[in-house]
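this one's sequence-less:
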């Protein structure tokens with residue numbers, strides 16, 4: 001029987017306040033993040049400068065969400081759930097986690113794969129929407145490491161996106177419906193649904209990156225499936241640096257809704273499948289505090305998908321189809 005491994009590709013995150021700086025250094029060393037002309041000549045020096053300067057502020061943010069990123073713990077839950085779900089479909093596969101910027105990192109996983117003699121590999125990014133800076137970066141890193149270590153004895157399949165998979169859409173709809181039910185029934189017609197995706201520089205869009213189109217399509221499908229009958233908005237967050245990014249921003253959207261006397265907001269982190277600092281801090285602490293300051297009475301955020309049965313069903317289906 002062919003030995004199969006499914007590799008969950010994810011961002012990773014610092015596991016302590018002390019690991020924030022090396023995590024940021026790894027992030028800004030990524031050639032798919034810092035891709036300026038001739039950047040290879042100064043990328044590491046620039047990454048060291050940025051990570052050193054940003055560390056104190058980022059550490060303060062992590063202090064507010066438990067002093068560590070929850071990504072690894074939650075990704076392990078997803079890996080266990082996926083492996084169990086695949087087994088129920090008679091698919092024998094071991095599920096591994098390869099983080100892009102913190103441990104377990106890609107090289108560690110490639111070494112395990114080589115030592116255990118797998119013959120089929122499925123790369124499954126935990127980014128439903130393809131973007132050069134996320135899925136593209138993780139796949140490029142996998143290729144670099146396997147080439148450098150001369151690991152080429154297995155067949156590799158790549159799942160690039162699943163932003164429109166019906167079970168993924170169902171999972172998002174379920175989370176939204178659950179959060180709507182937390183609002184008193186008499187006030188539910190006041191809710192505005194604010195779908196917030198991680199932003200990207202407009203440069204990526206102009207160069208043909210499909211991420212923004214994928215996000216737009218997920219947004220449309222969720223509204224179509226959910227039939228919420230509520231006002232809705234799509235915005236972007238987490239802008240870094242001076243470049244122009246996708247708009248409107250989350251901050252701009254909250255300010256506009258407050259100006260229009262909106263009283264109830266539910267934020268949906270549409271591009272995230274686990275909790276991140278961008279959701280727990282940027283949305284659920286910072287944006288919530290700003291909303292309350294501007295007079296918004298109710299600000300809530302949908303729970304992360306993590307091992308939502310529908311989301312695990314989606315992952316199981318895309319892996320099964322790739323193997324078959």
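The structure has been received and is ready for your questions. Just so we're clear, the structure is a prediction, and the values are computed from it rather than from any experiment. Numbers count the residues shown, from 1 in each chain.

what about the strands in the stretch 51-200 of the chain?
94-99, 120-125, 155-158, 191-198 (DSSP state E, counting those that start in this stretch).

can you give the distance from the third one to the centre of its chain?
Strand 155-158 has its C-alpha centroid displaced from the chain centroid by 22 Å (CA atoms, centre = their mean, to the nearest Å).

same check on the longest one?
The gap between the average C-alpha position of strand 191-198 and the chain average comes to 15 Å, counting by CA atoms, centre = their mean.

partner strands of it and their direction?
Sheet pairing for strand 191-198, assigned by DSSP bridges, gives strand 231-237 (parallel), strand 264-269 (parallel).

stretch 188-201 - what's its average pLDDT?
Mean pLDDT, computed over stretch 188-201, is 97.

same thing with stretch 28-39?
On average, stretch 28-39 scores 77.

in stretch 160-176, what counts as buried?
By neighbour count on 16 or more other CB atoms under 10 Å, the buried set for stretch 160-176 is 161-163, 165, 167-176. Where you see a C-beta, it was placed from the backbone N, CA and C, and this is true even at glycine.

show me which positions of stretch 55-67 end up buried.
Applying a neighbour-count criterion of 16+ other CB under 10 Å, one finds 55, 58, 59, 61, 62, 65 buried in stretch 55-67.

quick check: the gap between the first one and residue 222.
Residue 55 sits 36 Å away from residue 222 when distances are taken as CB to CB, to the nearest Å.

quick one, longest helix in this structure?
helix 43-63 (DSSP state H).

and that one, what does it pack onto?
helix 20-28, helix 277 (3 or more CB pairs under 8 Å, 6 or more residues apart in numbering; DSSP states H and E).

adding distance to residue 295 and mean neighbour count, write those out as JSON lines.
JSON lines is the format used below for the helices and strands packed on helix 43-63 (distance: least, CB to CB, whole Å; neighbours: other CB atoms under 10 Å):
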{"stretch": "helix 20-28", "distance to residue 295": "34", "mean neighbour count": "20"}
{"stretch": "helix 277", "distance to residue 295": "26", "mean neighbour count": "21"}
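
among those helices, which comes closest to residue 192?
helix 277 (24.3 Å; CB to CB).

of all the strands paired with strand 191-198, which one is nearest residue 193?
Checking the strands paired with strand 191-198 against residue 193 by CB to CB gives strand 231-237 as the closest, at 4.3 Å.

what residues does the closest one touch?
191-200, 215-216, 219, 223, 245-250, 252-253, 257, 262, 270, 278, 282-283 (CB atoms under 8 Å, 6 or more residues apart in numbering).

just to revisit the earlier point, let me have the buried residues of stretch 55-67 in JSON lines, extended by pLDDT.
Shown next, in JSON lines, are those (pLDDT from 0 to 100):
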{"residue": "55", "pLDDT": "98"}
{"residue": "58", "pLDDT": "97"}
{"residue": "59", "pLDDT": "98"}
{"residue": "61", "pLDDT": "97"}
{"residue": "62", "pLDDT": "98"}
{"residue": "65", "pLDDT": "97"}
